[in-house]
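S.K.: Quick one, structure for this:
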Amino acid sequence: MTDENETVIETYDGGRRIVREARNRPDAYHFEGPDGRIASFEIPAAARLYADLYAITGGFDEKETGRRGVPPTIARADEEVRITYLAVRFSVTYAAHAFGIDESAARDAVDSVHARATELRSRDGGNG
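M.R.: Predicted coordinates:
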């Protein structure tokens, strides 16, 4: 726990975790690493999906990517990872349009990335 308004809701290897920040407006969910906050979201599922991307890619840095930029690690990854990154940062609809696919295909890519991260964590014997 970090303070009385924040609760760790999930932990991962490497000192990473998802923290719920209770606030008057909708709560926030932060993906954090040993050096502090990495990304923030309004729903816990988005924070978990971001953690999945982080696990699959071995981590990435969003500094200096701009509002619509993509980190080089994500850009070099397979299409499912790229679709998932756009879905978590913008929306499934945005990702589908960006790749010229149906929203159901974009959701399938997101589900596949989540499954891959779950498998990776279980194979590594931890939370990944």
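
S.K.: Excluding covalently adjacent residues, which one is nearest to residue 84?
M.R.: Counting by Cβ to Cβ, 6 or more residues apart in numbering, residue 113 is the residue found nearest to residue 84 once chain neighbours are left out, at 4.3 Å. In this view, the C-beta of every residue, glycine as well, is placed from N, C-alpha and C.

S.K.: Do a quick rundown of the strands in this structure.
M.R.: Counting by DSSP state E, the segments of the chain that form strands are 6-12, 16-21, 28-33, 36-41.

S.K.: Adding mean pLDDT and distance to residue 74, write the ones you listed out as TSV.
M.R.: Formatted as TSV, the strands of the chain follow (pLDDT from 0 to 100; distance: least, Cβ to Cβ, whole Å):
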stretch	mean pLDDT	distance to residue 74
strand 6-12	92	18
strand 16-21	95	17
strand 28-33	95	15
strand 36-41	93	13
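
S.K.: among those, which is nearest residue 73?
M.R.: strand 36-41 (13.3 Å; Cβ to Cβ).

S.K.: For the closest one, which outside residues touch it?
M.R.: The contact list for strand 36-41, computed with Cβ atoms under 8 Å, 6 or more residues apart in numbering, reads 16, 28, 29, 30, 31, 32, 47, 50, 54, 62, 88.

S.K.: close enough to count as contact, the residue nearest to residue 84 and residue 54?
M.R.: No - judged on Cβ atoms under 8 Å, residue 113 makes no contact with residue 54 at a distance of 11.0 Å.

S.K.: Look at the two and report which has more neighbours.
M.R.: Set residue 113 next to residue 54 and count neighbours by other Cβ atoms under 10 Å: residue 113 wins out with 25 against 21.
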